[in-house]
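K.L.:
just the structure for this:
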Amino acid sequence: MAIFSYPEILLLLLCFIIVLCYRRRLRSYLQLTNWPLVGMLPGLLRIGNNLHELATVFLKQNRGTVEFKGPWFAKMDMLITADPANVHHILSKNFSNYPKGPEFKMIFEMLGDGILNTDSELWEAHRKTTMPMMNHDKFRDLLERSSWQKVKEGLIPVLDHISGLATEVDLQELLQKFTFDIICMLVLGHDPGSLSIALPHIPCEKAILDAEEAVFYRHVLPVSLWKLQKWLQIGREKMLRNALLDIDQFVYQCISMKREESESKAKMVEHQEEEGTYDLLSGFMKAYKGKSGASGKFLRDTLVNFMFAGKGSISAALTWFFWLISKNPLAEIKIREEIKAKLHVKEGEKWRFFNVEESHKLVYLHGALCESLRLFPPVFSEHKTPLQPDILPSGHRIDPNTRVLLLFYSMGRMKRVWGKDCLEFKPERWISAQGVVKHEPSYKFTTFNAGPRSCLGKDVTFIQMKIVASTIIHNYQIQVAEGHPISPQNSMLLHMKHGLKVRVTRRSV
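P.N.:
Numbers count the residues shown, from 1 in each chain. Take a look at the predicted model:
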């Protein structure tokens, strides 16, 4: 049965022609005219390649909140805000009125019934099951052990090899492979080995990036258009389908291997069984044993959510961090000095393994990472739709048909939020007069979300980032290739569009 009638298809084609005509006539990026029939969509398409920065300009000109009008037929009307008071209201104070909702689940259908995609009882069940696992000492031991293992057997050999060749390398790609291997070890109990000197191609690793890009365009295109692409299996919807095939094949294979491993262990004596691994897949299989959650589909959804949450966000954060460090050499020197002083690194020691407790001593490094996350939050936006009409602290009225887009990227660049030096990279803003890490409210520093849905993996993120950052900064000099273009990619996560081409030089420590 056809999804669209012929009149609807003709109307869509007419709108596209109008959009193309207006795009050619527009002269200024800094204008979102509300045109008849097509709304502000032509202006949005016009500035598409500069979306993050220009959205910030619009929000600054409108005290942090803008009403966007889409084509009348497309249901794209939305309110865009970077006002901390609005964010606090939506994510915390009136949390129950802003669930993920059916529209979010439709756009992120690839996440199924996982924790990032669900509401109410199912979301609470996910959180209740996951929190004890991630806070368990054995999981933290696995995190520490896996991260250092990947540094020793993957990151260091690859960087040594590249520095010996005196050639350029895409540091973003290396970091994506590092975090993919780690998240697979933590979530699936399997090391795919994508970070090695040969840099092997692992279809699932690339598929996650493709899926993030494809889903981004579901946010900026009318629903009818991306659904048409999905029906015809063309464009980014075809890319998404192929990506999900690769992801599912990989995850289901890992589930199958883990079940075989579990059945084998079941034949052992009880005290030997307790010595098993503490990855999340093992934990979920044990928690869901004999319940509906034990089904392959539910396990798949649960695991894929954690893979998407942990893989791309940490690699994106580290990529922007190293770019900022390359532009701020004094900050890099201070981080090196702190590593030597606080971790008591010996002269000539190539690298220094440190545990989670020791990582807390790296206050300046923590501040530098927070500053990078403030300026370039990996999850740069969140969208909500209210169940009931509401009035935001900014005075804007919204009804249940209006999507609300929270732009965290823009919030980090607001003078009224972070002061006149908001565009400067200043790790010191995160350090108190007593020399300890300064806390900022989650609705102001929104990298890890805010309210009841705050990120469960915040500590995991900082541990991994500190291990990678300290290892590279202590042992290598990273120089960004001259003339290399830097801009955000149009994706659900804030990756660099052209990667981060660098030259790596070994330091004599």
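K.L.:
show me what contacts the residue positioned nearest the centre of the chain?
P.N.:
For the chain, residue 313 is the residue whose C-alpha lies nearest the centre (CA atoms, centre = their mean; 3.1 Å). For residue 313, the contact set (CB atoms under 8 Å, 6 or more residues apart in numbering) comprises 378-379, 461, 493. Where C-beta positions appear, they are placed from N, C-alpha and C, glycine not excepted.
K.L.:
if you set the cut-off to 6 Å instead, what comes out?
P.N.:
Contacts were defined as CB atoms under 6 Å, 6 or more residues apart in numbering; by that measure residue 313 touches residue 378.
K.L.:
now do residue 79
P.N.:
Here residue 79 is in contact with 67, 396, 398, 402, 404 (CB under 6 Å, 6+ apart).
K.L.:
for residue 64, same thing?
P.N.:
Under the criterion of CB under 6 Å, 6+ apart, the contact list for residue 64 reads 82-83.
K.L.:
can you add distance to residue 139, pLDDT and secondary structure and give the contacts of residue 79 back as a markdown table?
P.N.:
Shown next, in a markdown table, are these (distance: CB to CB, whole Å; pLDDT from 0 to 100; DSSP: H, G, I helix; E, B strand; the rest coil):
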| residue | distance to residue 139 | pLDDT | secondary structure |
| --- | --- | --- | --- |
| 67 | 44 | 85 | strand |
| 396 | 42 | 94 | coil |
| 398 | 40 | 92 | strand |
| 402 | 40 | 83 | coil |
| 404 | 35 | 91 | strand |
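K.L.:
would you turn the residues you listed into TSV with distance to residue 477 and neighbour count?
P.N.:
Formatted as TSV, the entries for the contacts of residue 79 read as follows, by distance: CB to CB, whole Å; neighbours: other CB atoms under 10 Å:
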residue	distance to residue 477	neighbour count
67	48	16
396	49	17
398	50	22
402	50	19
404	44	22
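K.L.:
return the closest of the residues you listed with respect to residue 507.
P.N.:
Distances from residue 507 to the contacts of residue 79, taken as CB to CB, are shortest for residue 404 (47.4 Å).
K.L.:
if we can go back for a sec, need the three-state assignment for the residue nearest to the centre of the chain.
P.N.:
Classification of residue 313 into helix, strand or coil gives helix, according to DSSP: H, G, I helix; E, B strand; the rest coil.
K.L.:
roughly how far does it sit from residue 398?
P.N.:
As defined by CB to CB, to the nearest Å, residue 313 lies at a distance of 28 Å from residue 398.
K.L.:
check residue 285 too.
P.N.:
Counting by CB to CB, the separation of residue 285 from residue 398 is 42 Å.
K.L.:
in the stretch 51-200 of the chain, where is pLDDT below threshold?
P.N.:
Confidence mapping of the stretch 51-200 of the chain against pLDDT under 70 gives the ranges 70-76.
K.L.:
and the strands in it?
P.N.:
Read by DSSP state E, counting those that start in this stretch, the stretch 51-200 of the chain holds these strands, from start to end of the chain: 65-68, 78-81, 168-170.
K.L.:
hmm, who's touching stretch 385-401?
P.N.:
When contacts are taken as CB under 6 Å, 6+ apart, the neighbours of stretch 385-401 outside the stretch itself are 65, 79, 83, 85-86, 89, 97-98, 101, 103, 403.
K.L.:
returning to what we had before: between the contacts of residue 79, which sits nearest residue 112?
P.N.:
Looking at these and their distance to residue 112, the nearest is residue 404, at 24.0 Å (CB to CB).
K.L.:
what residues are up against that closest one?
P.N.:
The contact partners of residue 404, by CB under 6 Å, 6+ apart, come to 79, 384.
K.L.:
now it, which residues is it bridged with?
P.N.:
Under DSSP bridges, the beta-bridge partners of residue 404 are residue 79, residue 384.
K.L.:
quick one: it from residue 174, how far?
P.N.:
Counting by CB to CB, the gap from residue 404 to residue 174 is 37 Å.
K.L.:
next one: residue 199
P.N.:
Residue 199 sits 8 Å away from residue 174, taking CB to CB as the criterion.
K.L.:
comparing the two, which shows the higher neighbour count?
P.N.:
Between residue 199 and residue 174, counted using other CB atoms under 10 Å, the more crowded position is residue 174 (27 against 14).
K.L.:
what's the neighbour count on the closest residue to that one other than its chain neighbours?
P.N.:
Spatial nearest neighbour of residue 174, chain neighbours left out: residue 158 (6.4 Å); criterion: CB to CB, 6 or more residues apart in numbering. Neighbour count of residue 158, defined by other CB under 10 Å: 20.
K.L.:
now do residue 77
P.N.:
The burial count assigned to residue 77 is 18, neighbours taken as other CB under 10 Å.
K.L.:
over to residue 400?
P.N.:
Residue neighbour count, defined by other CB under 10 Å, stands at 12 for residue 400.
K.L.:
wasn't residue 502 part of a helix?
P.N.:
No - membership of residue 502 in a helix is not supported by three-state DSSP, which gives strand.
K.L.:
who does it form a beta bridge with?
P.N.:
The bridge-partner assignment for residue 502, based on DSSP bridges, gives residue 169, residue 480.
K.L.:
ok, now how distant is it from residue 194?
P.N.:
Note on residue 502: its distance to residue 194, by CB to CB, is 19 Å.
K.L.:
for residue 474, which non-adjacent residue is closest in space?
P.N.:
Once its chain neighbours are removed from consideration, residue 474 has its nearest residue in residue 339; the separation is 5.3 Å (CB to CB, 6+ apart).
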